[in-house]
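Novice: coords please:
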Amino acid sequence: MLIVTSRRSLCLRPYCPWFCPRYVAQPPAPQTSPISSKIPPMTAKSQSSRTIFPNSTYYIVTHMDTRRCVYPLCGGYFTARVNQKTTVCSDGTAQPECRILEFDYSALKLDRASQDKLTGYVQNGQALLRGTIGKTAPIGGKTYDKLVVLEAWNARALSKPSGTFARSNELPLACPACASFQHSYLNKSGSVKSHSVVFDATRFSATLSAELLAAIQSKPEGVLTAGVLSTSGSRQVWTVSEAYTPFTPSGPRLGKLGESCGSRGLPMDWETGLFCQRPDTANCGRADAPGTCQTQPSVCPTIYMPVCGCDGKTYSSRCVAYGNAVSVDYEGICKAP
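Specialist: Residues are numbered from 1 along each chain as shown. Next up is the predicted model:
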């Protein structure tokens, strides 16, 4: 029996004319150099039609350091490499876990709200982080472990993962006789293939399962999954207990009606139809005085009581200024600068 192979799938020749009519034999994949010891940010390398993403140095927080002693001797979060029994800490020793005192997210370029959101995932063990463990700046003459984060993936089922962590992708050629999906292990070599991917129905809704399956099938980076391979008849099934997708920054929070705004730590943008109304005593925010999110008037009475807006323009009335989303600096026409 003649066996025809492609780079990412195998088909028995007798099946292919019926089940794989679009099959085209592929040349062997070019050889690649070993992975560098320096870890780059997540980027895709193109090898013909195949896209490769790094699968090494992924970490997960296992639990908080709850010991009762003086910081920084205590505190932080115990973190481990997934799929591995030991993790190399900043002092070069291999331990079951490393106590991470600081997470450095600067490479992700997150705004404060997004970083707070990611920190919540991380501290609850609901994120996979790719990066390197280094040393903090000296604290009391001593350094501690720091995780410099290059990628962040947040959990979608928000459940405790079980099984093996892998990057799940759809294979380019799917037919009934061939496996349709590949699951490349994180932090170790090797992979497995399956004919189907099943999301644990006690953890994933039907809508979320469909979304994640579509991402596996369409996204070059795939989906990071924790799963178990099993056999059902002649078919291999990858059952997922938890799935992770790239963390998406939330963006700045929009101010709502009646909320304070326009100052440090407060929303600097607001929902449609609102504006940040500052009191006249706020000096147009020049002293960092906040305003309040108010509705922009759409109709104003025809009166002439001029005010100088915070944009330096004269408006016929306070209502007209507010209708243009402009706070009032002072009453009367604007004075020449």
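
Novice: Can you tell me the closest non-neighbouring residue to the residue minimising distance to the centre of the chain?
Specialist: The centre of the chain sits closest to Phe247, judged by CA atoms, centre = their mean, with a distance of 0.6 Å. Nearest non-adjacent residue to Phe247, counting by CB to CB, 6 or more residues apart in numbering: Ala152, 4.0 Å away. No exception for glycine: its C-beta is placed from N, CA and C like everyone else's.

Novice: Surely the one you found and Gln126 touch.
Specialist: No: assessed by CB atoms under 8 Å, Ala152 is found out of contact with Gln126, at 10.9 Å.

Novice: and those two? which has more neighbours close in?
Specialist: Ranked by neighbour count (other CB atoms under 10 Å), Ala152 and Gln126 place Ala152 first, with 26 against 21.

Novice: quick one, what contacts that one?
Specialist: Going by CB atoms under 8 Å, 6 or more residues apart in numbering, Ala152 touches Tyr105, Leu108, Leu118, Tyr121, Val122, Ala127, Leu128, Leu129, Arg130, Pro246, Phe247.

Novice: Return the subset of these lying in helices.
Specialist: Among the contacts of Ala152, the residues falling in helices (DSSP state H) are Leu118, Tyr121, Val122.

Novice: pLDDT value on the closest residue to Gly125 other than its chain neighbours, please?
Specialist: Counting by CB to CB, 6+ apart, Gly125 lies nearest to Val61, which is 4.8 Å off, once chain neighbours are set aside. For Val61, the pLDDT comes out at 97.

Novice: Spit out the contact partners of Val61.
Specialist: So Val61 contacts Tyr77, Phe78, Thr79, Ile100, Val122, Gln123, Asn124, Gly125, Ala127 (CB under 8 Å, 6+ apart).

Novice: 6 Å instead?
Specialist: Tyr77, Thr79, Val122, Gly125 (CB atoms under 6 Å, 6 or more residues apart in numbering).

Novice: hey, what's it bridged with?
Specialist: Thr79 (DSSP bridges).

Novice: Could you do Cys261 as well?
Specialist: Beta-bridge partners of Cys261, as defined by DSSP bridges: Gly291.

Novice: Kindly report the same for Asn169.
Specialist: Gln182.

Novice: one step back: show me which residues of the helix or strand containing the residue nearest to Phe247 are buried.
Specialist: Assigned by DSSP states H and E, Ala152 belongs to strand 145-155. For strand 145-155, the neighbour count (16 or more other CB atoms under 10 Å) marks Asp145, Lys146, Leu147, Val148, Val149, Leu150, Glu151, Ala152, Trp153, Asn154, Ala155 as buried.

Novice: List only those of the contacts of Ala152 flagged as buried.
Specialist: By neighbour count, with 16+ other CB under 10 Å, the contacts of Ala152 hold Tyr105, Leu108, Leu118, Tyr121, Val122, Ala127, Leu128, Leu129, Arg130, Phe247 as buried.

Novice: Tell me the spacing between Ser234 and His195.
Specialist: From Ser234 over to His195 the distance is 9 Å, taken as CB to CB, to the nearest Å.

Novice: And these two? Which one has more around it.
Specialist: His195 (19 against 7).

Novice: close enough to count as contact, that one and Ser232?
Specialist: No: assessed by CB atoms under 6 Å, His195 is found out of contact with Ser232, at 8.5 Å.

Novice: before we move on, the earlier item: which one of the buried residues of strand 145-155 sits closest to Ala177?
Specialist: Checking those against Ala177 by CB to CB gives Trp153 as the nearest, at 32.8 Å.

Novice: what about Ile100, distance to Gly76?
Specialist: For Ile100, the distance to Gly76 - CB to CB - is 5 Å.

Novice: Quick check on the two: which one has the bigger neighbour count.
Specialist: Just comparing Ile100 and Gly76: by other CB under 10 Å the higher neighbour count belongs to Ile100, 25 against 21.

Novice: quick one: contacts of the helix or strand where that one lies?
Specialist: Using DSSP H and E, Ile100 falls within strand 98-104. The contact list for strand 98-104, computed with CB under 6 Å, 6+ apart, reads 65, 72, 76-79, 87, 89, 133, 136, 144-148.

Novice: What is the nearest of those residues to Ala166?
Specialist: Using CB to CB, the contacts of strand 98-104 come closest to Ala166 at Thr87, 18.6 Å.

Novice: Okay, the closest one and Leu118: tell me how far apart.
Specialist: 21 Å.

Novice: ok, what's across the strand from the closest residue in space to Arg81 that isn't next to it in sequence?
Specialist: In space, and not counting its chain neighbours, Arg81 is closest to Thr87: 4.7 Å by CB to CB, 6+ apart. Taking DSSP bridges as the rule, Thr87 bridges to Gln95.

Novice: what's near enough to touch Thr87?
Specialist: Contacts of Thr87 by CB under 6 Å, 6+ apart are Ala80, Arg81, Cys98.

Novice: Mind putting these into JSON lines with pLDDT?
Specialist: Shown next, in JSON lines, are the contacts of Thr87 (pLDDT from 0 to 100):
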{"residue": "Ala80", "pLDDT": "98"}
{"residue": "Arg81", "pLDDT": "97"}
{"residue": "Cys98", "pLDDT": "98"}
